[in-house]
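Trainee: okay, here's the prediction I keep looking at, along with the sequence it came from:
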Amino acid sequence: VADHSAERLERDLVRRVHVARRDDALVVLEGFHPLKHALRFGAEVQLVLTCDTAQLGELTRAHGADLLDEIARRTTEISRRAFKQLGPYEPHTGVISVARRREHDGEQLLREHGAGPLVLLEDPRHRGNLGAVIRVAAAADAAGVLVTGEQDPWNPVVVRGSAGLHYALPVARLNVLPSGERPLIAFDPAGEHWQPERMDPDALLAFGAERAGLSQELLARAHQRVRLPMRAGVSSLNLATSVAAALYGLRLTHEATRRAGPAGRLAE
Ligand SMILES: C[S@@+](CC[C@H](N)C(=O)[O-])C[C@H]1O[C@@H](n2cnc3c(N)ncnc32)[C@H](O)[C@@H]1O
């Protein structure tokens, strides 16, 4: 009887994960780092399943000791057989969780000022790139990431790419192209030389799709079209690396300007 009820419990847990995959209000976090960041940045985590409690404990001690009690308290161990049924991807860290997505209004984000640059991705195609952009935008302390096009920014593959840092900053879809709420800077390999020291710290930084680049419509709306310098012969940077270069270029420039103070001399 005990065996049957354990099996039934596992079946219910597997079903909850499958239901979560189809629910637009929820997200399936595949692996340890997405879970760690989700908890650190206050996500509502509803379910944590592992097929190896000892390994999860070691990972938590090594990479998220601040969360030891919280993860241990929330975790349910299931058999390896049931774990394999949770979805198409089996994380090597042996943990899959379910959390509530954190929704934001893209148009509202455009209207909020003072929190730093916003990143706009126009119709990105590669989910790994989209996740990597969210991760670097969180690290560089950007105000948020807006996404146009078909990709669901909360797809589990994207959340894997961001290591769960969706919860560290607003990530939202934008259904219409922006119209003047903030200075719009188009990053384009054919633009003019970028001078980050001249840029509004609250600017909207737009990046194009991996193959097609930015649309003519977006380029026509841009206040400026700028290029990250590249060695002769190189056509373009990868989408996520160009976002990283732009955000850190901007951040380091503003930090250096602040250190230099009003006299324009570096204080350190
Ligand atoms: C892989 S690139 C697209 C290449 C596309 N064939 C083009 O010419 O735009 C993806 C995006 O990364 C950004 N990007 C890549 N290299 C860049 C550079 N050197 N300067 C500015 N933006 C760049 C742009 O926003 C571009 O739309």
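Mentor: Received, thanks.
Trainee: show me what counts as buried in the host helix or strand of residue 76.
Mentor: Following DSSP states H and E, the helix or strand that holds residue 76 is strand 75-77. The neighbour-count check on strand 75-77 (16 or more other CB atoms under 10 Å) flags 75, 77 as buried. (C-beta placed from N, C-alpha, C; glycine too.)
Trainee: ok, then the element right after it?
Mentor: Downstream of strand 75-77, the first helix or strand assigned by DSSP H and E is helix 80-84.
Trainee: helices along the stretch 151-268 of the chain, start to end?
Mentor: 156-161, 216-221, 239-260 (DSSP state H, counting those that start in this stretch).
Trainee: of those, which is nearest the ligand?
Mentor: Nearest to the ligand among those is helix 239-260 (3.6 Å), distances taken as CB to the nearest ligand atom.
Trainee: just checking, what packs against that closest one?
Mentor: Judged by 3 or more CB pairs under 8 Å, 6 or more residues apart in numbering; DSSP states H and E, the packing partners of helix 239-260 are strand 118-121, helix 127-139, strand 204-207.
Trainee: burial measure for residue 112, as a count.
Mentor: Residues lying near residue 112 (other CB atoms under 10 Å) number 14.
Trainee: for it, grab phi and psi.
Mentor: phi -90, psi 130 (degrees, to the nearest 10).
Trainee: got it, and the one 3 residues further on?
Mentor: Summarising the backbone geometry of residue 115 under the convention degrees, to the nearest 10, its torsions are phi -100, psi 10.
Trainee: one more: residue 85?
Mentor: According to degrees, to the nearest 10, residue 85 has phi -90, psi 0.
Trainee: 5 is where my numbering starts, stick with that
Mentor: OK, 5 is where the count begins now, so the last one is residue 89.
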